[in-house]
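1. below: sequence and its predicted model.
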Amino acid sequence: MRADASTALGAGHVQRCLALAKKLAGAGASVTFYCRTADGDLCDAVAARGFEVVRLPGGFADWKSDLDFMASAFKSRSVWDWLVVDHYGLDARWESPLRVFAKRILIVDDLADRPHDGDVLLDQNDGDRAAAYAGKLPTACRRLLGPRFALLREEFGEWRRRTGPRAGPLRRLLVSFGGSDPTNETAKVLDALRGLGPRPFSVDVVVGFEDDRSRLLARETADLKDSRFFVRVDNMAERMSGADLAVGAAGGSTWERGALYLPAVVAVVAPNQAPIAAAVALRGAVINLGDHDGLSSADYRKAIEALAASPERLAEMSRCAGELTDGDGAARVVAAMKEG
């Protein structure tokens, strides 16, 4: 697995590779991660889950230096059955030379903005993804397209079977903007909640970082009535299952919420999230507030108030969210890899 995480990049690439790695390990495969070291790199978290981690020094510079390091590292290993790459900075120029070290290459991408040289392409985004990759892949490359292939940890499928679609009023709100929340949307939402006055629902706030900013957010959450604050939880599926509405980013967590029938108010905090937000809003599963730049606490407050006042709309959004994915994407990808 070649994937990076950092405070700037977020955790999405490594997290979805971890979901696939766990499923592969369950099928008898041994998995090694190659990850760049950086603040928030998740190397320790990957190792704690029992996987070998080879740490590439320093931040990502360019595809050529990355290729040189990987080729040197691979020379001392036997040929891999699969090389999985999930990285926006790498493309066919990196993949083609490494074919001599791997029998097959699986590419995880959702930008469709560059050529690839792989045997299988996985793009879990919604919409007309086949057209987006026209001319960018080898003819024989197998395409796994759409949210039914979303790489989610097993617990999301397990909690989906226990949870089901929501009904009734908003009783618990979950605020979570992923592993790093680089634009500090959590602070805007907390400000929005302070302006709501008496509210009939409780609030859970989850952040994926622990620093001075998280400590400030913890204090601001504590000032809110009937609220709880969590850092780096390992039971996110359970947290989502206990909520009636989420406020978060439109990245990979979109599919986690969908697997658990959880409607959401979302903001676009990275350019690659814009098509995801637009597609799932069109499906009725989220309210898309658009790009974070220019979004205010008043925008979040207005959206939350509207949904708190409309249990019928929450129920309909929950039904639509549950149609996005069933949480079994990793199993489908492993089955495709076994087929070769």
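-> Great, that's in hand.
2. list the contacts of the helix or strand hosting Ala237.
-> Taking DSSP states H and E as the definition, Ala237 sits inside helix 236-241. Helix 236-241 is contacted by residues 153, 155-156, 158-159, 162-163, 174, 176, 204, 206, 230, 233, 246, 256-257, 260, 262 when judged by C-beta atoms under 8 Å, 6 or more residues apart in numbering. All C-beta spots, glycine's among them, are computed from the backbone N, C-alpha and C.
3. what's the following helix or strand after it?
-> Of the helices and strands lying after helix 236-241 in sequence (DSSP H and E), the nearest is strand 245-249.
4. direction included, what does that next one pair against?
-> Strand pairing for strand 245-249, determined by DSSP bridges: strand 172-176 (parallel), strand 264-268 (parallel).
5. what's the following helix or strand after the last one?
-> Towards the C-terminus, the helix or strand next in line after strand 264-268, according to DSSP H and E, is helix 274-282.
6. what's the answer for the first one, then?
-> Next in sequence after strand 172-176, counting helices and strands by DSSP H and E, comes helix 185-194.
7. okay, buried residues for the strand or helix carrying His13 please.
-> Taking DSSP H and E as the criterion, His13 maps to helix 12-26. Under the neighbour-count criterion of 16 or more other C-beta atoms under 10 Å, helix 12-26 has 12-24 buried.
8. and stretch 24-33, by the same measure?
-> When burial is assessed from 16+ other C-beta under 10 Å, stretch 24-33 yields the following buried residues: Leu24, Val31, Phe33.
9. would you mind listing where the stretch 201-340 of the chain has pLDDT under the threshold?
-> In the prediction, the stretch 201-340 of the chain carries no residues with pLDDT under 70.
10. for it, which segments count as helices?
-> 212-222, 236-241, 253-259, 274-282, 297-308, 311-322, 329-339 (DSSP state H, counting those that start in this stretch).
11. most packed of the ones you listed?
-> helix 253-259 (a mean of 28; mean count of other C-beta atoms under 10 Å).
12. what pairs with Arg2 across the strands?
-> If you apply DSSP bridges, the partners that Arg2 bridges to are Tyr34, Val85.
13. right, and it touches Leu90 too?
-> Yes: look at Arg2 against Leu90 with C-beta atoms under 8 Å: they come within range, at 7.2 Å.
14. now, which of the buried residues of stretch 24-33 sits nearest Ser310?
-> Nearest to Ser310, judged by C-beta to C-beta, of those is Leu24 at 42.7 Å.
15. got the contact list for that closest one?
-> Here Leu24 is in contact with Val31, Val334, Met337 (C-beta under 8 Å, 6+ apart).
16. which non-adjacent residue is nearest the last one?
-> Spatially, and ignoring its direct neighbours in sequence, Met337 is nearest to Trp82 (6.1 Å; C-beta to C-beta, 6 or more residues apart in numbering).
17. could you do Arg129 as well?
-> Nearest non-adjacent residue to Arg129 (C-beta to C-beta, 6+ apart): Leu145, at 4.3 Å.
18. where does the one you found fall, phi/psi-wise?
-> Backbone dihedrals for Leu145, given as degrees, to the nearest 10, come out at phi -120, psi 140.
19. how close does it sit to Trp63?
-> Between Leu145 and Trp63 the computed distance is 24 Å (C-beta to C-beta, to the nearest Å).
20. let me see the contact set for the closest residue in space to Pro169 that isn't next to it in sequence.
-> Distances taken as C-beta to C-beta, 6+ apart put Pro311 closest to Pro169, at 4.7 Å, once the chain neighbours are dropped. In this structure, Pro311 makes contact with Ala167, Gly168, Pro169, Leu170, judged by C-beta under 8 Å, 6+ apart.
21. for the third one, list the residues it contacts.
-> Okay, so that is Pro169. Going by C-beta under 8 Å, 6+ apart, the list of residues near Pro169 reads Pro200, Phe201, Asp244, Ala308, Pro311, Leu314.
22. of all the residues you listed, which comes closest to Ser78?
-> Closest to Ser78, out of all of those and judged by C-beta to C-beta, is Asp244, at 50.5 Å.
23. quick one: mean pLDDT for stretch 63-83?
-> Average pLDDT, stretch 63-83: 95.
24. so which bits of that stretch are buried?
-> Along stretch 63-83, these residues count as buried under the neighbour rule (16+ other C-beta under 10 Å): Trp63, Asp66, Leu67, Phe69, Met70, Phe74, Trp82, Leu83.
25. what separates the third one from Ser96, distance-wise?
-> Applying C-beta to C-beta, the value for Leu67 to Ser96 is 10 Å.
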